[in-house]
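Asks: Predicted model and sequence follow; I will ask about them next.
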Amino acid sequence: MRRLLLIIAAVAVLAALLLALWSQQHRPVGRVATILVASPAFANGSFIPANYTCDGADVSPPLRWSGVPQDAKALLVAVVDVDAPGGYFVHWVLYNIPPNVTSLPSNIPKQPIVKYGEQGTNDFGKVGYGGPCPPPGPPHRYIFIVLALDSQLDVQPGASDREILSVASSHVIASGEIVGLYGR
């Protein structure tokens with residue numbers, strides 16, 4: 001029963017986030033903002049090196065982005081496995097990143113508060129980044145999302161990823177992503 005409730009909650013949060021992203025992409029011309037996201041560790045649509053997974057050092061990969069709107073008040077970075085057995089699995093949420101930050105180095109500490117912002121508890125039940133760790137089978141897609149927000153989020157560091165994403169969903173003014181693959 002608890003697992004069913006968690007799945008229902010996860011679907012609701014994802015639906016709210018996707019609705020917010022969709023509404024941002026369908027604003028009148030001139031008001032749509034797209035953030036360009038890249039990683040020096042892997043190209044969009046390519047495999048994530050093992051160092052950034054549970055089979056390696058399990059550290060966050062470096063990311064960089066551009067195109068954040070000038071009216072952004074904060075940024076949020078999330079990593080979601082969209083091919084997880086339960087529908088989707090959140091590996092990382094780092095939020096309240098200052099809007100002038102344009103990159104993150106590798107190996108962000110796994111603490112609620114870091115120099116770049118605040119981190120939530122991922123679906124592994126741990127604070128910070130938890131790398132790809134799919135069950136055996138075909139590769140999974142890991143979406144590294146960067147969101148520009150119209151305000152900082154009033155959410156306690158270490159809060160659940162679902163709570164953070166739910167609060168963020170109504171504040172999205174721009175978004176971008178890069179997709180990495182990983183299989184075992």
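Replies: Thanks, I have the structure now.
Asks: Could you give the bridge partners of the residue nearest the centre of the chain?
Replies: Geometric centre of the chain, nearest residue: Ala78, 0.8 Å, by CA atoms, centre = their mean. In this entry, Ala78 is beta-bridged to Val93, Ile145, by DSSP bridges.
Asks: pLDDT wise, what is His26 at?
Replies: Looking at His26, its pLDDT is 38.
Asks: Mean pLDDT per helix and strand in the protein: which one sits at the bottom?
Replies: Counting by mean pLDDT, DSSP states H and E, the chain has its least confident helix or strand at helix 2-25, which shows a mean of 41.
Asks: mind listing what the following helix or strand past it pairs with, with the direction of each?
Replies: Downstream of helix 2-25, the next assigned helix or strand under DSSP states H and E is strand 36-38. Within its sheet, and counting by DSSP bridges, strand 36-38 is paired with strand 63-66 (antiparallel).
Asks: how far is the strand it pairs with from where the chain is centred?
Replies: 13 Å (CA atoms, centre = their mean, to the nearest Å).
Asks: CA atoms of that strand as PDB?
Replies: C-alpha atoms of strand 63-66 as PDB (Å, rounded to 0.1, in the frame of the first residue of the first chain):
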ATOM      1  CA  LEU A  63      27.700  20.400 -15.800                       C
ATOM      2  CA  ARG A  64      27.500  23.800 -17.500                       C
ATOM      3  CA  TRP A  65      24.700  25.900 -19.000                       C
ATOM      4  CA  SER A  66      23.900  29.200 -20.700                       C
END
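Asks: And the helices in this structure?
Replies: 2-25, 161-168 (DSSP state H).
Asks: Pull the contacting residues for the residue nearest to the centre of the chain.
Replies: With contact set as CB atoms under 8 Å, 6 or more residues apart in numbering, Ala78 has these partners: Val90, Trp92, Val93, Leu94, Phe144, Ile145, Leu147, Asp161, Leu165. (C-beta placed from N, C-alpha, C; glycine too.)
Asks: how about the nearest residue to Pro49, chain neighbours excluded?
Replies: If the residues on either side of it in the chain are set aside, Pro49 comes closest to Ala41, at 5.8 Å by CB to CB, 6 or more residues apart in numbering.
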